[in-house]
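1. Provided below for reference: sequence and predicted model.
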Amino acid sequence: MNAMCSGKVAVVTGASSGIGCSTALTLAREGARVVVNYQSNGEAASQVAAYINNAGGSALAVQANIFEAEGCKHLVATTVERFGRVDIGVINPGAGWHPETPDVLDAGTVLDDIQREAAPILHLLPLLLPHMYQQRWGRIIAIGMNPRLPSPAYAYNVAKATRLEAILGAQPHAWSHGVTLNVVAPGPVAEIESLTEAIEQSQHREAWQKRPTTSPQDIAESIAFLASEAGRFVTGAVLPFHFSG
């Protein structure tokens, strides 16, 4: 059976831990060459990339702040320099957690959360889409929030809604050029405690079989599907996950 993403080049943002780490491991398992982006935890990102390389894959850890234009430019330029192309973009990090109710919120905090959700999309789309349009093939997948399970934090919900529209609003034009844009939208997700556990889940070993609720690996599996030829005609989707906690 052929790997789902064989030969493709994937940029996974925020890939030193959590959903990003599981996604990098899973796309590599499916044959993609992976750029493991990180902002500050270089040691963890290097360990993810080293595992992929030692397992016979191809990965590169790249430091870049995806909340800033220059960081996004550096990330994409480094990927193209190393691998010659970008086929898959996974946009992961976003807003922080500010649980204040609307009557006592700090507007600056909410605007900062909106900026953190929107900036990676708005900076990366003009960098990724031209490459993908030229080759008439591309996948962009953002991590959002299950709209049917809003969080108790007003600022977080507003910021996630902004990200959702930033992706879905760009989808029709992208689809006309052979590129799909989708959102994977989990509610709460259980933590993976270590790279060892993340690897075990990505290989569908015991930690995966015995997971009690939604894991970062569940999110990664859905991203791998959307990034593959099997997901070729899925675009403009919001794929929700529930938490059994």
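-> Thanks, I have it.
2. from now on I want contacts and neighbour counts done on CA atoms only, so please keep to that.
-> OK.
3. which elements pack onto whichever helix in the chain runs longest?
-> Determined from DSSP state H, the single longest helix within the chain is helix 107-135. On a contact count with 3 or more CA pairs under 8 Å, 6 or more residues apart in numbering; DSSP states H and E, helix 107-135 meets helix 69-83, strand 88-91, helix 154-168, strand 179-185.
4. which residues touch the last one?
-> Read it as strand 179-185. Strand 179-185 is contacted by residues 129, 132-133, 136-147, 164, 167-168, 170-171, 174-175, 219, 222-223, 226, 232-241 when judged by CA atoms under 8 Å, 6 or more residues apart in numbering.
5. which phi and psi does the residue sitting furthest away from the middle of the chain have?
-> In the chain, the residue that sits farthest from the middle, by CA atoms, centre = their mean, is Asp103; the gap is 32.6 Å. Here is the backbone geometry of Asp103 (degrees, to the nearest 10): phi -70, psi -20.
6. who's in contact with Val90?
-> By CA under 8 Å, 6+ apart, the residues touching Val90 are 10-13, 140-143.
7. what bridges to it?
-> Bridge pairing for Val90 (DSSP bridges) gives the partners Val12, Ile141.
8. what's the pLDDT at it?
-> Turning to Val90, the model gives it a pLDDT of 98.
9. again with Val80
-> The model's pLDDT for Val80 equals 97.
10. so how far is Ala95 from the residue nearest to Cys72 when sequence neighbours are not counted?
-> Once flanking residues are discounted, Cys72 sits nearest to Ile66: 5.1 Å by CA to CA, 6 or more residues apart in numbering. Here Ile66 is placed at a distance of 12 Å from Ala95 (CA to CA, to the nearest Å).
11. do Arg211 as well
-> Distance of Arg211 to Ala95, given as CA to CA: 27 Å.
12. repeat for Ala50
-> Applying CA to CA to Ala50 and Ala95 gives a distance of 29 Å.
13. among the two, which residue is more densely surrounded?
-> Just comparing Ala50 and Ala95: by other CA atoms under 10 Å the higher neighbour count belongs to Ala95, 20 against 16.
14. ok, that one - contacts?
-> Shown in contact with Ala95 (CA under 8 Å, 6+ apart): 112-114, 116-117, 156, 159-160.
15. can you get me a residue count around the closest residue in space to Asn146 that isn't next to it in sequence?
-> With CA to CA, 6+ apart as the criterion, Asn146 has its nearest non-adjacent residue at 4.5 Å, and that residue is Ala185. Counted with other CA under 10 Å, the neighbours of Ala185 add up to 23.
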